[in-house]
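Asker: sequence and predicted model, in that order:
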Amino acid sequence: MGPSAGTSVPANIPAPANRGGLQPTTQDLIAQCPRFRVLIVGKSGVGKSTLINRIFGVETASVAKDKPGEALIEQEFTSPQNDRLILHDSKGIEPADGGNYETVKSFIEKRKRMPDIKDQLHAVWLCFQMPIPTYGERLLEDDTQSFLRLRNDVLGNTPTIVVFTKRDRVDTFIRHKMRGDPDAGRRYLQEFCIQPIQDFMGDKGIAHVAVSSKPKYVQSLEELIRLTQEKVSESSTSLGSQVSPVSLAAARAQRMLPTLGVNFSIDVGKQRYWKALSGSANFWGHTMQDCLAVIHTDIVWVWNFYDPCKYLDSKEFRNMMMHMVERVDVPVEPNPSLPHSDTSAVNPVPLVALAPVIPTLNARFTLGKWVHESYQRLQDAPKMFMAYIVDLTHVLEILFSLTASMTAKKLTRTAIKLAYRAYYHSEWMTFIHEDIRDFQCSSTAPDEVLQKITSMIPSHDRVDRVSRALQGMPQIDLERDEEWAEQTVYP
């Protein structure tokens with residue numbers, strides 16, 4: 001029996017077992033490191049809570065309080081809205097609290113001695129509000145300087161990022177005081193933020209980023225995610241091309257960068273099941289349905305949707321995707337009633353544009369006999385694999401954009417169906433399927449299928465492709481959780 005509606009399933013519980021004994025690659029990786037563990041250090045009021053809410057998609061009062069003395073560093077903050085994150089928050093750094101440095105230092109040392117990687121600290125953010133000296137503000141004061149020593153004294157190779165917060169406030173000041181100087185912002189950041197840190201630390205290589213949680217500064221938060229992911233990957237050990245459990249945990253915890261979902265889907269796939277899809281021993285003796293099921297699980301579990309009802313793991317959604325794959329051999333014309341545009345803007349609010357008539361997506365699709373054929377007996381198996389992997393990835397990319405402004409809201413079947421229909425009727429899917437139909441796999445080049453798949457999952461033009469798939473569609477409420485087979489008609 002699956003989870004009841006509204007029931008959250010912990011991150012360390014694996015996806016539903018796949019038939020035929022095929023185990024998802026993600027299952028072992030997630031078991032080793034189910035959650036990304038972050039320590040955030042900073043004074044009260046620097047904006048730590050808003051930062052957490054924006055990047056990890058959580059809305060909880062226990063984070064938002066952020067008052068001196070209320071956060072115990074040993075306490076593991078987790079949220080049902082994102083069970084892939086464990087947060088440790090240093091007590092508010094106040095001048096009168098001289099013992100806090102030793103408390104944080106002791107905590108870090110203890111975590112470094114933990115034998116299991118899931119219990120160790122995976123990243124540390126040292127947060128400082130960008131100062132405005134004209135207002136009598138300084139970046140480094142006696143109490144905050146002591147915490148910078150953490151990096152040299154005890155953090156060692158633990159990925160550490162200095163985060164300069166409230167960048168929007170400084171930008172407003174610069175616009176009023178330094179008009180007409182396009183380089184003023186860069187010089188200000190260097191003189192009043194970066195240089196003091198480098199001088200105090202004696203290290204010009206310390207990782208840093210200036211951010212704001214205001215909507216127009218989304219790129220600054222994305223840069224913090226990218227920088228954290230880069231440092232985590234550098235410090236994580238893995239064998240050869242194997243995916244690091246910690247790196248995967250970091251990618252799975254954030255809810256702002258879909259490119260990480262795409263890239264790690266590819267990396268996880270390459271580790272086992274995508275290797276030599278034209279003749280993989282991993283699938284020998286299994287039906288296509290079983291093979292696609294394990295690939296489906298690996299892809300879905302890399303992404304981070306608030307999906308407590310496990311709709312993306314459901315039989316209904318899997319059937320929808322297999323139905324889409326069947327269309328590879330049937331040329332599909334884009335819906336002429338849906339105009340396309342070159343704009344790359346995606347509506348950020350929960351009421352999102354989609355087709356005027358959303359046809360019934362019957363979860364009881366009559367699938368072809370091919371799904372029950374054994375892998376080695378189906379001549380077009382490589383093309384079916386290619387279509388399923390690429391189509392599912394693109395549907396999830398669209399779904400990620402659709403739900404970007406409602407990350408703390410439960411994923412609904414309405415949102416999933418609309419993402420599916422948007423891709424199904426797009427030129428994007430049409431071109432992908434044409435490309436797959438024309439693909440000729442050589443038996444002498446076993447990795448050719450894998451290379452073709454990765455070439456069809458681009459990242460540089462993702463925003464434009466997703467936007468065009470969503471063009472010309474009226475608004476509907478994505479928070480309404482309609483049944484899989486329900487037909488919705490909008491004027």
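Answerer: That came through fine.
Asker: for the protein, which helix is longest?
Answerer: Using DSSP state H to assign secondary structure, the helix with the most residues in the chain is helix 381-402.
Asker: what is the distance between that helix and the centre of its chain?
Answerer: Averaging C-alpha coordinates over helix 381-402 and over its chain gives two centres that are 16 Å apart (C-alpha atoms, centre = their mean, to the nearest Å).
Asker: how about stretch 283-302?
Answerer: In terms of C-alpha atoms, centre = their mean, the centre of stretch 283-302 is found 21 Å from the chain centre.
Asker: and stretch 316-328, by the same measure?
Answerer: Put simply, stretch 316-328 sits 24 Å off its chain's centre (C-alpha atoms, centre = their mean).
Asker: what number of residues lie near L139?
Answerer: L139 sits with 19 neighbouring residues when counted by other C-beta atoms under 10 Å. All C-beta atoms are positioned from the backbone trio N, CA, C, and that covers glycine.
Asker: ditto for F56
Answerer: Using other C-beta under 10 Å, the number of residues around F56 comes to 24.
Asker: which residue ranges of the protein form strands?
Answerer: Assigned by DSSP state E, the strands in the chain fall at 36-42, 77-79, 82-89, 123-129, 160-165, 208-210, 351-353, 357-358, 475-477, 488-489.
Asker: nearest to T412, out of these?
Answerer: Taking C-beta to C-beta, strand 475-477 is the member of the strands of the chain nearest to T412, at 9.0 Å.
Asker: go through the closest one and flag the buried ones.
Answerer: Going by neighbour count (16 or more other C-beta atoms under 10 Å), the buried part of strand 475-477 is I476.
Asker: what helices and strands are in contact with it?
Answerer: Judged by 3 or more C-beta pairs under 8 Å, 6 or more residues apart in numbering; DSSP states H and E, strand 475-477 is in contact with strand 351-353, helix 413-424.
Asker: between these, which has the poorest mean confidence score?
Answerer: Taking the average pLDDT of each of the helices and strands packed on strand 475-477, the minimum falls on strand 351-353, with a mean of 40.
Asker: so how many other residues sit close to the nearest residue to F305 once chain neighbours are set aside?
Answerer: Of all residues beyond its chain neighbours, the one nearest F305 is L411 (4.8 Å), with distances taken as C-beta to C-beta, 6 or more residues apart in numbering. The number of residues packed near L411 is 23, by other C-beta under 10 Å.
Asker: likewise the one 3 residues further on?
Answerer: Here the neighbour count serves as a burial measure; for T414 (other C-beta under 10 Å) it reads 22.
Asker: can you count the residues close to Q190?
Answerer: Q190 sits with 12 neighbouring residues when counted by other C-beta under 10 Å.
Asker: residue contacts, it?
Answerer: Applying C-beta atoms under 8 Å, 6 or more residues apart in numbering, one finds that Q190 lies in contact with no residue.
Asker: cool, and S265?
Answerer: When contacts are counted by C-beta under 8 Å, 6+ apart, S265 touches 298-299, 302-303, 393, 457.
Asker: before we move on, the earlier item: distance to T430 added to the strands of the chain, as JSON lines?
Answerer: Compiled in JSON lines, these are given as follows (distance: least, C-beta to C-beta, whole Å):
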{"stretch": "strand 36-42", "distance to T430": "38"}
{"stretch": "strand 77-79", "distance to T430": "40"}
{"stretch": "strand 82-89", "distance to T430": "35"}
{"stretch": "strand 123-129", "distance to T430": "41"}
{"stretch": "strand 160-165", "distance to T430": "42"}
{"stretch": "strand 208-210", "distance to T430": "40"}
{"stretch": "strand 351-353", "distance to T430": "20"}
{"stretch": "strand 357-358", "distance to T430": "19"}
{"stretch": "strand 475-477", "distance to T430": "24"}
{"stretch": "strand 488-489", "distance to T430": "24"}
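Asker: among those, which comes closest to V466?
Answerer: Closest approach to V466 among those (C-beta to C-beta): strand 351-353, 11.6 Å.
Asker: mind putting the contacts of S265 in a markdown table, pLDDT and neighbour count included?
Answerer: Written out in a markdown table, the entries for the contacts of S265 read as follows (pLDDT from 0 to 100; neighbours: other C-beta atoms under 10 Å):
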| residue | pLDDT | neighbour count |
| --- | --- | --- |
| D298 | 94 | 26 |
| I299 | 95 | 26 |
| V302 | 96 | 27 |
| W303 | 96 | 22 |
| T393 | 96 | 21 |
| I457 | 88 | 17 |
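Asker: looking at the strands of the chain, which is closest to S146?
Answerer: With respect to S146, and counting by C-beta to C-beta, the nearest of the strands of the chain is strand 36-42 at 10.6 Å.
Asker: who does that closest one pair up with?
Answerer: Sheet pairing here is set by DSSP bridges, and for strand 36-42 it gives strand 82-89 (parallel), strand 123-129 (parallel).
Asker: and the shortest one, how far out from the chain's middle?
Answerer: Relative to its parent chain, strand 123-129 has a centroid offset of 21 Å by C-alpha atoms, centre = their mean.
Asker: straight-line length of stretch 137-156, end to end?
Answerer: Across stretch 137-156, the terminal residues are separated by 30 Å (C-alpha to C-alpha, to the nearest Å).
Asker: now do that stretch: distance to the chain's middle.
Answerer: Once both centres are worked out by C-alpha atoms, centre = their mean, stretch 137-156 turns out to sit 30 Å from its chain's centre.
Asker: pLDDT on that stretch, on average?
Answerer: Averaged across stretch 137-156, the pLDDT comes to 78.
Asker: could you list the low-pLDDT ranges of the stretch 351-491 of the chain?
Answerer: When residues are selected by pLDDT under 70, those of the stretch 351-491 of the chain lie in 351-366, 374-379, 442-446, 459, 472-474, 487-491.
Asker: now with 50?
Answerer: The model of the stretch 351-491 of the chain has pLDDT under 50 over residues 351-360, 363, 444, 489-491.
Asker: also the stretch 101-250 of the chain?
Answerer: Under the criterion pLDDT under 50, no range of the stretch 101-250 of the chain is flagged.
Asker: for D329, give me its contacts.
Answerer: D329 makes contact with 380, 437, according to C-beta under 8 Å, 6+ apart.
Asker: please repeat the previous calculation with a cut-off of 10 Å.
Answerer: By C-beta atoms under 10 Å, 6 or more residues apart in numbering, the contact list for D329 reads 368, 370, 380, 383-384, 387, 433, 436-437.
Asker: and L470, how many neighbours?
Answerer: One way to gauge burial is a neighbour count; for L470, by other C-beta under 10 Å, it gives 25.
Asker: what's the answer for H460, then?
Answerer: Using other C-beta under 10 Å as the criterion, H460 is surrounded by 8 other residues.
Asker: distance of it relative to V262?
Answerer: As judged by C-beta to C-beta, to the nearest Å, H460 and V262 stand 11 Å apart.
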